[in-house]
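Participant: the following block contains a protein sequence and its predicted model.
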Amino acid sequence: MKRRILRKPYWKILTGNEAVARAAAVLTDAGDRLSSVVRVEEAIGLIPALRKALEEGRPAALHIVYDHASDLSPFLALGLPVLISGSSQEAADLGAIALIAARAASTPLLHAYDRRWVGEELAKSDVLSEEELKHLDQITPRGGKEAFSDRLAALFQRFEALTGRALRLCRFTGPADAARVCVTAGAEAENLRDEKTALVSLKLVRPLPARAFLEALPSTTRELMTSELLRADVLSALHEGIVGGWSWFVNLPPLLALPPLASGDGPADVWKAVLRARDPEALAEMEAAVRGWLEDLGPRSSSYYQAHTMAEASGGSIHLRIAPHPIGERRPLSSSDLQITWEGTILTVSPAGQTPRSIDLDAIGRETGLGKRVGPVITACLSASIDAEKQLGLARERAEEIVREAVEDRWGDFSEDIVAAHRRAMDRTRQALADAETVIPLRPLERKAALGGEAARPSQARADLRTRYLGFSLRTPLIACVPAEASESERRAVAESPAGAVFFGPVSEEDLDREAWRTFETLHQGVRGPNQKTRPPLERYAELLKEWKEAVEVPVIAGIAASTEKNWLALAFALEQAGADALEIVLRSREEGGPADPLRVISLVAAAVRVPVAVRITPELAPLTERLEDAAGAGAKALVLFHPPNAFLKHPDTLEERRENLLAGPEVFRLALPKLARISSVTPPLDLGAAGPVSATGDLLRALLAGSHAVYIASDPDTASRLETSLKDWMGAKGFAYLPLSDGEVRRSVVE
C-alpha cells in the first residue's frame with residue numbers, strides 16, 4: 001500500500017497561464033526563454049534554440065499556448081517530448097512536472113495547452129508550494145538509460161504520493177466494452193460520448209507510450225477515432241504492438257477522423273453558469289465579479305471550480321462549473337445548470353429545471369445609486385441561484401456573510417458609501433429575482449375570453465417586436481440591406497429607422513477585382529499620392545464598414561463571397577477587424593464560382609473569426625438545408641434561405657395553411673418561404689433568416705409566420721418605418737403581443 005505524504009492543500013484561484021507561469025518562476029531563472037510561457041507565434045522563433053538545446057542535452061521546458069492543436073505540427077517534427085494539459089489544474093501540475101522531467105532526462109521538452117480552454121480558464125487549483133516544488137525536483141533521480149515515458153510514469157507516481165492526484169500517461173474513461181474509442185489530447189474530450197464510445201486521453205503525446213496506450217484499449221474495440229495531430233503516432237503504436245506480438249490486435253482497426261470539437265451534456269453533479277454581455281467593459285467587470293466570488297468562497301468551500309471566459313466582438317460569455325471533486329479536464333458546456341444572460345439592460349436568470357426570470361439592470365442602478373456597475377448584481381445572482389449547502393458545502397447564511405464581509409474588505413478603506421451601494425444592489429437584486437415576472441412561452445390570445453367575451457387585443461404601442469438572431473437581441477426583426485457607399489445623411493437616416501440590424505455587402509472577389517482595376521486606371525492617369533480612389537480595395541471596404549459602425553448602434557452583419565479558401569479568410573479577417581459584429585457567408589454553386597466543399601468553407605471561416613457566422617445559400621445549394629446538423633457542427637449560427645416552393649404556407653389574413661403561387665411574386669425571398677416553414681418545424685440548432693430585400697408587408701408577414709427570426713428589407717428608412725407600423729397593426733388585429741413562430745405559438749423574447 002502506498003504511503004501518502006500528508007500535506008495541507010495550497011488553494012489558489014488562477015488561470016491556466018497564471019498557474020504555469022508560477023511554476024516556471026519557482027523552478028527556473030526569469031531570463032530563461034526556453035522555460036517560459038509563450039504563444040505559438042513566439043515559439044516558432046525559438047525552434048533553432050530548441051534544436052541546439054537538444055544537441056547539447058540542456059534541460060528546458062517551453063510552455064506553448066496554442067489556438068488550434070494543428071499549430072503544434074512544426075514542433076512535433078523536432079523529436080522532443082511533448083506534454084499536453086486539458087485544464088487549469090492539469091496545467092498547474094504538468095507545468096511543474098515538465099521541467100523536473102526535463103532535468104531528469106537532460107533534454108528540452110514542450111508543454112502545450114489550449115489558449116481558451118486552459119490558458120484563460122479560471123479555476124480553484126491546488127498548487128504546490130515553493131518548498132514542495134523544490135523538494136519534488138530534488139528527490140527525482142537524474143541520469144540513467146530509462147525511456148522517457150518510464151521516467152515520466154515514475155515521476156507521476158511520486159507526484160500522486162505527494163498530492164493524492166493521479167496522473168496517467170494514458171487515461172481511459174467510458175464503458176469497459178466500448179466498440180469505439182476516441183483518442184484525444186488536451187481540450188479535445190467528451191464530445192462523442194455514448195453508451196458504446198470511450199475516451200483515451202493522452203498526457204504524453206510524443207513519444208507516445210505504445211504499450212501503455214494499447215493496454216488502455218478494451219478488447220472490444222472495433223474502431224478508433226483521432227485527430228490528424230495524433231494519427232501518425234497512433235498508427236505507429238498499433239504497428240509496434242502487432243509486430244511485437246504483445247497487442248491483442250491482429251490487424252489494424254479502422255482509424256477515423258475526429259470531428260471538430262463540440263459540446264455535449266455534462267455530468268449531473270456539475271453546476272455551470274453562462275453570462276453573455278454585449279459590452280466588453282461590462283464583460284470584464286462580470287468576469288472580475290465571478291473571480292472575486294470564487295476567491296471569497298473557494299478557500300472556505302470543499303467544492304472545486306472552473307470558469308471559462310469567451311470574449312467576442314459582440315460581447316462574450318463566462319461558463320462556471322462547480323463540482324464536489326477535482327476538475328481534471330474540460331467538460332462539455334452545452335447544457336447549463338444555470339444561465340445568466342445579459343442583453344441590453346435586461347439580465348435573465350435561468351436555473352435548470354426552473355422558469356427563467358428577468359431583472360432590469362438600469363432600474364437597480366438608479367434605485368441603489370450604483371449606476372451602470374454590474375459586478376454586485378452578478379455576485380448576487382450567483383449567490384441567489386445556487387444551493388449553498390449542497391454545492392458549496394456551506395450554510396446559506398454563512399455564504400452570504402462571507403460575500404458581505406468581502407465587500408467590506410474591498411471597499412471599506414475607500415468609502416462607506418460605496419460599500420452601502422454594493423449591499424443595496426445585492427439586496428435589491430435578490431428581491432428583484434424573487435419578484436420578477438416569469439418568462440414563459442405564450443400561445444396566441446384566444447378570440448373569446450373564459451367568460452364568453454372577446455379577449456382584449458394588445459394595442460399597437462404594446463406590440464413587442466423584439467427577436468433574437470445570431471446571438472443578438474434585436475429591437476425588430478428588420479435587417480436593413482445597406483449599400484457600402486452612402487452619404488452621412490443616408491447613414492443617419494438608417495440609424496434613426498426601426499431596423500434591428502444592418503447588412504453590409506456582400507463584399508466579393510469580383511468587387512475587389514473591379515476596385516483594383518479602377519485604382520490602376522486612376523494611378524495610370526497620373527494621380528500622385530494615396531487618396532480615397534487609390535487605396536487598396538479591401539482596405540477601402542473596411543473603412544466603409546467602419547463608417548457604418550460609427551453611424552448605427554445596432555449590430556452590423558458583413559456579407560462575404562469568394563471562390564478560394566485564401567480569399568474567404570482574407571475577407572473574413574479584414575471585415576472582422578473593421579468591426580463587423582457578425583459575418584454572413586454568401587455561398588454560390590460551383591458553376592457560379594462557389595466552393596467545391598461548402599461545409600469546409602463554413603468551418604474555416606467560423607474557426608478563424610470570433611464573431612458569429614451566418615450562411616446564405618442559393619437554390620442550387622438547397623441540399624445543404626438537409627444537413628443542418630453538419631452546418632451547425634461546422635460553426636454556422638444562422639441560415640439565410642432561398643428555395644422553390646413545395647409546401648403550404650400560413651396566410652396572414654386567416655392564419656390558415658394554404659397553397660399559394662409564390663413564383664409570381666416580385667421578391668426573390670419568397671422562394672425560401674416553404675423551406676423556412678419546413679425547417680422551423682423541426683427546431684434546428686440554427687437561427688433562420690429570410691433573404692430579400694423585402695418591401696411588401698405581406699411578404700414580411702409570410703416570412704415571420706414561416707419561422708424566420710429576421711427578415712432582410714430594403715435600406716430605405718421609409719420602407720422600414722412602413723413595415724414596422726404595418727407589423728404592429730397586424731399584431732394588434734390578430735391578438736399577438738409578441739412575434740409569432742411557424743408552429744402557432746408566440747415567443748416572448750424578453751420580459752417588459
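Facilitator: Noted; the coordinates are in hand.
Participant: now do the strands in the stretch 401-550 of the chain.
Facilitator: 467-469, 472-474, 478-482, 501-508 (DSSP state E, counting those that start in this stretch).
Participant: quick check: angle from the last one to strand 478-482?
Facilitator: Read it as strand 501-508. Between strand 501-508 and strand 478-482, the angle comes out at 40 degrees (axes from the mean of the first three to the mean of the last three Cα atoms, to 10 degrees).
Participant: who are the packing partners of strand 501-508?
Facilitator: Counting contacts by 3 or more Cβ pairs under 8 Å, 6 or more residues apart in numbering; DSSP states H and E, strand 501-508 packs against strand 478-482, helix 537-551, strand 556-561, helix 565-577, strand 582-586. C-beta here means a position set from N, CA and C on the backbone, and glycine is covered the same way.
Participant: can you rerun that using 6 Å?
Facilitator: Packing contacts for strand 501-508, counted by 3 or more Cβ pairs under 6 Å, 6 or more residues apart in numbering; DSSP states H and E, involve strand 478-482, helix 537-551, strand 556-561.
Participant: next, format the ones you listed as JSON lines and append mean pLDDT.
Facilitator: Below are the helices and strands packed on strand 501-508 laid out as JSON lines (pLDDT from 0 to 100):
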{"stretch": "strand 478-482", "mean pLDDT": "91"}
{"stretch": "helix 537-551", "mean pLDDT": "87"}
{"stretch": "strand 556-561", "mean pLDDT": "92"}
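Participant: what does stretch 356-363 rub up against?
Facilitator: 345-350, 432-433, 436, 439, 751 (Cβ atoms under 6 Å, 6 or more residues apart in numbering).
Participant: can you pick the most crowded of those?
Facilitator: When neighbours are counted by other Cβ atoms under 10 Å, Leu347 leads the contacts of stretch 356-363 with 25 neighbours.
Participant: pretty sure Val290 sits in a strand.
Facilitator: No. According to DSSP: H, G, I helix; E, B strand; the rest coil, the state of Val290 is helix, so it is not within a strand.
Participant: elements contacting the helix or strand that Gln89 is a member of?
Facilitator: Using DSSP states H and E, Gln89 falls within helix 88-105. Applying 3+ Cβ pairs under 6 Å, 6+ apart, one finds that helix 88-105 makes contact with helix 16-27, strand 60-66, strand 82-85, strand 108-114, strand 122-126, helix 148-163.
Participant: okay if I get these as a markdown table plus distance to Ala574 and mean neighbour count?
Facilitator: Putting these into a markdown table (distance: least, Cβ to Cβ, whole Å; neighbours: other Cβ atoms under 10 Å) gives the following:
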| stretch | distance to Ala574 | mean neighbour count |
| --- | --- | --- |
| helix 16-27 | 29 | 22 |
| strand 60-66 | 24 | 25 |
| strand 82-85 | 33 | 28 |
| strand 108-114 | 26 | 26 |
| strand 122-126 | 32 | 25 |
| helix 148-163 | 45 | 18 |
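Participant: for this protein, longest helix please?
Facilitator: helix 416-435 (DSSP state H).
Participant: quick one: buried residues of it?
Facilitator: Buried residues in helix 416-435, counting neighbours by 16 or more other Cβ atoms under 10 Å, are found at 418-419, 421-426, 428-430, 432-433.
Participant: which outside residues touch it?
Facilitator: So helix 416-435 is contacted by 357, 359, 364, 367-370, 376-377, 380, 384, 407-408, 411-412 (Cβ under 6 Å, 6+ apart).
Participant: same thing with stretch 123-134?
Facilitator: 9-10, 12-14, 19, 26, 88-89, 92, 96, 298, 304-306.
Participant: ok, back up a step: pLDDT check: weakest of the contacts of stretch 356-363?
Facilitator: Here the lowest pLDDT out of the contacts of stretch 356-363 sits on Val751, with 27.
Participant: out of the contacts of stretch 356-363, which is nearest to Arg168?
Facilitator: The nearest member of the contacts of stretch 356-363 to Arg168, counting by Cβ to Cβ, is Ser350 at 37.2 Å.
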